[in-house]
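Got a predicted model here, sequence first, then my questions.
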Amino acid sequence: MSKYKQLRYCIITAYECGINEHPQKHMKDLGYKIIGSVPQSIADCWWFTVEEFIEPLPPYLSVIEYNFDKWHS
């Protein structure tokens, strides 16, 4: 189990919510400490590894299971 938390950022849902800035900038503006990020262009989303979740999550963010320690060791 990773010590970090992972989020999926849906670009389409964010746009529908009125978000027009780059996902990395927007996540920083929300107050997240980003450990890593990976664009998933085929799925119109980004995967973010962050230190902690900030509740409540907006509709364009969802929790994913991604073992950061396994893939980044």
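Great, that's in hand. Since this is a predicted model, take the numbers as computed values, not measurements.

going forward, measure contacts between C-alpha atoms and count neighbours the same way
Fine.

Endpoints of stretch 27-44, how far apart?
Counting by Cα to Cα, to the nearest Å, the length from the leading to the trailing residue of stretch 27-44 is 16 Å.

Please identify the buried residues of that stretch?
Along stretch 27-44, the positions that meet the burial threshold by neighbour count (16 or more other Cα atoms under 10 Å) are 27, 32, 34, 37.

Nearest spatial neighbour of the residue nearest the centre of the chain, chain-adjacent residues omitted?
Of all residues in the chain, the one closest to the mean position by Cα atoms, centre = their mean is Phe48, 3.4 Å from it. When the adjacent residues along the chain are set aside, Phe48 lies closest to Ser37, with 4.4 Å between them (Cα to Cα, 6 or more residues apart in numbering).

Could you list every helix and strand that the longest helix along the chain packs against?
Taking DSSP state H as the criterion, the chain has its longest helix at helix 23-30. For helix 23-30, the contact count by 3 or more Cα pairs under 8 Å, 6 or more residues apart in numbering; DSSP states H and E identifies strand 34-40 as packing neighbours.

Cheers, nothing more for now.
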